[in-house]
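>>> Below are the sequence and a predicted model; questions follow.
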Amino acid sequence: MASLQVDAESSRFLDTPSAADDNIPLLPTPVSTPLTPIPSATPPNVRQDPPSQHPKNAPGAAWEYWMDRGWVWGFWAGVGAIVVAIFSRLLSGQGTLFSSPACESALSHGRWQPGPPPRYIPDSCYLYPYTKKESLQCLASSRVVFIGDSTARDVYNSLKTRLVPGASTAGEKHADLQFDAPSDVRLEFFWDPFLNRTTVHDMEITNGGKTTSNAKNRNALMVYSAGYWFMKYSTDRSGGLNLFKRNLDMILDGIGKAGHGDPVADETLIRPINPLVAEKLDKSRRKSMTMDRVNAYNLHLRRALGTPRSPEDVHVPEYVYRLYEAAAVEGKTKDGFHYDANVLASEVDLVLNRHCNRKLFRGPSAPGKATCCVIEGWPDWKQFAFLGVLAFFGPLAWWCRMGMKRWGDDSGKQSASLTSRLLPSETNTLLLSKLWITLVYIFAADRTFIFPRINKQFTTFQFTILTLAYIIAGLLTLRRQKDTAFLNRHQTDEWKGWMQLAILVYHYTGASKVAVIYNAIRVLVASYLFMTGYGHFTFFYLKSDFSFIRVARVLVRLNLLSIAMACVTGRDALFYYFGPLVSFWFLVVYVTMAVGHTRNASTPFLLAKLAVSALCCSIFINYPPIIRTIWGVLASTLNVNWDVHESTFRLALDQWIVYAGMLTALFALKLNKGVILSSIQSDPSAWSTFKRRAILVSGVTLVAYALFESSFSENKFAYNKWHAYVSVPAVVAFTVLRNATAGLRATTSRFWCWVGAFSLETFLLQYHIWLGVDTKGLLVVWPGGGWWGNFVVASVVFFAASEVMGDVTGRLVEWVVGKDKKWAVWRVLGWWVVLIVWNLV
């Protein structure tokens with residue numbers, strides 16, 4: 001027969017589709033090699049890779065060492081980083097573990113980043129990107145007043161378009177402006193370039209904090225900004241500085257009389273004068289508007305106001321001046337003193353973060369939202385309680401076990417026997433200890449302010465370098481192995497490995513803003529689910545093992561770490577969506593194959609089941625009231641609050657790819673048995689022609705998909721409507737091309753396979769110990785190392801912890817579910833009761 005056919009006894013054509021391996025080493029990986037039952041004596045996630053085939057000095061030897069032993073050092077390096085960071089934080093005096101560093105200082109030290117879109121970001125905290133929704137929520141039922149010259153008007157217009165995107169900014173240059181936004185927010189701009197409109201100031205000082213017919217709502221923000229007109233039109237020797245001082249003193253005296261009991265605004269800002277770019281000023285301004293005068297004016301502002309003692313104090317926002325300093329260096333001004341829209345938008349972000357974060361982001365959820373200017377971020381008591389319970393059954397129980405082994409005697413036999421029954425075994429206490437250490441690191445990294453977290457900013461250079469790095473690393477570790485089966489274990493581990501690396505780079509660099517990259521990553525996620533359908537279908541078809549213990553082990557393996565992380569971070573388990581997503585599709589495959597499983601050998605019957613299953617799932621997914629009702633029942637009875645929109649979005653996005661995997665598995669099974677295409681397989685020439693045509697069609701399909709996908713380069717959301725359909729032929733075409741020859745099937749990259757073996761853990765742990773702020777930002781473990789230095793150190797710890805957790809969670813499955821099939825139901829039921837009670841408390 002042709003090259004895909006093998007002898008009937010070995011059935012190696014179908015052996016080890018790693019998408020169905022008992023280790024469940026990957027993201028959506030099914031769980032158990034189709035032809036191998038789950039071994040009761042072997043821990044379910046211990047990788048048993050063959051010895052390295054590289055000599056010590058061969059290319060790739062460094063990768064071999066790291067993959068074999070390096071994770072040990074990386075894991076303990078992470079433990080050391082926690083300890084050092086905690087002591088550094090406590091000794092620095094910068095806030096507490098659960099409140100952010102000084103707001104002014106954090107916002108004042110940053111850098112200008114290229115787009116899209118260009119923006120200014122702080123160096124030591126995550127600046128929340130305020131949208132219309134959060135901005136209106138913060139400023140609801142209030143006024144925001146701007147008083148001054150054209151620089152005040154520019155900020156007014158920028159905030160206006162933030163509250164109502166697309167709002168017109170046209171209007172008279174030297175006139176007052178008003179705008180009513182949704183949520184009863186009123187913006188007002190008063191043209192007062194010399195800060196001497198006493199009627200305006202008296203009105204605001206008298207009524208700004210009260211409800212009157214002229215000032216309906218309280219002033220949330222009052223912003224003064226002026227200076228250039230003093231310089232340009234004053235004729236005294238001071239260049240207008242003396243007049244500026246007198247008028248400023250008048251304003252400050254009025255604000256001071258209002259006092260703290262009934263201030264004119266919740267927050268009053270007197271903006272520093274923007275730095276100038278002299279070469280861009282026109283001739284009429286160069287003589288009067290100079291940086292010496294700008295510095296003199298700003299120096300007086302700083303001396304007159306000083307450093308704010310509380311967020312409500314009238315102050316000069318130093319962070320605003322630093323923003324414009326960075327923008328001036330970048331040349332982001334056309335006339336030398338008015339700056340472009342991106343600079344103004346960044347100023348609005350800085351001001352809203354200072355003003356709104358302490359209002360919107362308080363309590364346990366604060367570190368997962370923003371880290372700049374967060375006043376309170378104390379975790380919920382349940383987070384501490386969970387870590388405490390795990391510490392008792394982990395490190396403390398392990399220490400007790402070691403003590404019993406070292407100091408045990410006859411007099412302690414009775415107590416030792418009782419302890420043995422209550423505590424996990426020595427092996428399991430060690431596994432729980434490693435889990436506890438990792439969860440403490442997660443908690444410290446993303447639920448305290450021990451480690452800074454900063455904003456992502458996509459750059460083509462960083463994305464390209466990191467992409468080339470993992471591709472080159474994979475190519476340097478290519479190897480030949482004996483298994484040439486279709487979708488063999490090594491090949492699918494490799495597939496999941498390089499896809500996971502692509503997803504990690506995508507997340508770390510913030511590439512989701514680029515539609516073409518976003519669309520490609522969507523296909524990679526679909527590929528994981530394709531392997532889920534392929535692997536589980538193959539297992540159930542060949543083994544017909546529909547036992548409860550089988551299902552329990554798969555579900556526990558997929559969700560154990562995400563549930564533990566949810567308990568520590570205060571999130572729900574659905575937030576770490578991949579485990580629940582794959583669990584759903586596993587159960588779909590299970591139910592589809594279990595119903596009438598005695599007739600699974602009948603192809604028509606099996607195809608009919610698949611069709612009915614697909615129809616039922618389509619109705620369930622695409623008719624929101626069904627999920628909304630189920631989620632509503634869970635919320636009212638078990639206090640489980642899951643997002644209906646997010647759930648339906650994730651399910652609908654890949655609603656057909658799992659069935660494509662199941663059909664591919666059925667085709668491969670029938671092809672292997674010679675049930676289909678037998679006449680072609682028996683003729684070498686015909687089989688060769690068939691393969692060439694299949695390869696050609698697959699190649700054309702991938703090219704067509706690439707062209708189609710790139711047509712959505714401006715709108716990634718439009719692509720989502722097509723993804724469920726176009727991803728199917730793209731993934732199947734890649735599968736055909738990757739398995740086109742025996743040589744291709746036998747050649748895999750050890751580096752990619754290594755990552756593939758614990759890709760579920762990398763997907764989960766990236767949320768908090770590689771990224772930060774629940775994936776929205778980046779974790780900084782080496783503040784002085786720059787972007788690249790921090791990336792290297794954080795990555796070593798991250799991949800080390802991921803491999804350790806891949807081993808730990810895989811082996812803990814047996815402890816959670818148990819070995820005895822009779823007691824497995826009761827053990828799992830007991831764990832469910834614990835989770836339900838925990839959720840209700």
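Thanks, I have the structure now.

>>> okay, now L829: neighbour count?
Neighbour count of L829, defined by other CB atoms under 10 Å: 10. In short, each C-beta sits where N, CA and C put it, glycine included.

>>> host element of it?
helix 821-840 (DSSP states H and E).

>>> so where do the helices sit in the stretch 401-550 of the chain?
According to DSSP state H, counting those that start in this stretch, the stretch 401-550 of the chain carries its helices in the segments 413-422, 426-446, 460-476, 489-508, 515-543, 548-569.

>>> right, so of the ones you listed, which gets closest to E188?
For E188, the closest of the helices of the stretch 401-550 of the chain is helix 515-543, at 38.3 Å, according to CB to CB.

>>> Give me the local confidence score for P263.
Turning to P263, the model gives it a pLDDT of 77.

>>> Against P317, how distant is it?
Noted for P263: a distance of 17 Å to P317, by CB to CB, to the nearest Å.

>>> any weak-confidence spans in the protein?
Across the chain, residues meeting the criterion (pLDDT under 70) sit at 1-101, 208-216, 258-262, 307-312, 363-367, 375-378, 406-420.

>>> just the strands in the stretch 601-750 of the chain please.
Assigned by DSSP state E, counting those that start in this stretch, the stretch 601-750 of the chain shows strands spanning 747-749.

>>> In contact with the closest residue to F575 other than its chain neighbours, which residues are there?
For F575, ignoring the flanking residues on the chain, the nearest one in space by CB to CB, 6 or more residues apart in numbering is A566 at 6.7 Å. A566 sits next to 572-573, 575-576 when contact means CB atoms under 8 Å, 6 or more residues apart in numbering.

>>> Which of these fall in strands?
Among those, no member falls in strands (DSSP state E).

>>> who wins for most neighbours among these?
Of all these, Y576 has the most neighbours under the rule other CB under 10 Å, reaching 23 neighbours.

>>> So what's the residue count around L248?
Neighbours of L248 under the rule other CB under 10 Å: 20.

>>> For the helix or strand harbouring it, list every residue counted as buried.
Applying DSSP H and E as the criterion places L248 in helix 241-258. By 16 or more other CB atoms under 10 Å, the buried positions in helix 241-258 come out as 241, 243-245, 247-248, 251-252, 254-255, 258.

>>> Could you export the residues you listed as TSV, including distance to L468?
What follows is the buried residues of helix 241-258, written out as TSV (distance: CB to CB, whole Å):
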residue	distance to L468
L241	55
L243	60
F244	55
K245	58
N247	58
L248	55
I251	57
L252	57
G254	61
I255	57
A258	60
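
>>> Nearest to C125, out of the residues you listed: which one, please.
Each of those was scored against C125 by CB to CB, and I255 proved nearest at 28.9 Å.

>>> separation between that closest one and D202?
12 Å.

>>> for G474, same thing?
Distance from G474 to D202, counting by CB to CB: 71 Å.

>>> Who has more neighbours out of these two?
G474 (23 against 11).

>>> ok, that one - contacts?
Contact analysis of G474 by CB under 8 Å, 6+ apart lists 494, 497-498, 749, 751-752.

>>> Let's see that with 6 Å instead.
Applying CB atoms under 6 Å, 6 or more residues apart in numbering, we find G474 in contact with 498, 749, 751-752.

>>> try L634
Residues near L634 by CB under 6 Å, 6+ apart: V640.

>>> can you rerun that using 10 Å?
Contact analysis of L634 by CB atoms under 10 Å, 6 or more residues apart in numbering lists 640-642, 839.

>>> Equivalent analysis for T290, please.
Shown in contact with T290 (CB under 10 Å, 6+ apart): 231, 239, 276, 278, 281, 296.

>>> roughly how far apart are it and Y126?
37 Å.

>>> cool, C356 as well?
Distance of C356 to Y126, given as CB to CB: 14 Å.

>>> Those two: which has the busier surroundings?
Shown here are C356 and Y126; by other CB under 10 Å, Y126 has more neighbours (27 against 22).

>>> The helices of the stretch 401-550 of the chain: which one's closest to F337?
Of those, nearest to F337 by CB to CB is helix 460-476, at 31.4 Å.

>>> So the closest residue to G331 other than its chain neighbours versus G115, what's the distance?
What sits nearest to G331 in space, not counting adjacent residues and going by CB to CB, 6+ apart, is V277, at 6.7 Å. Remark: distance between V277 and G115 (CB to CB) = 20 Å.
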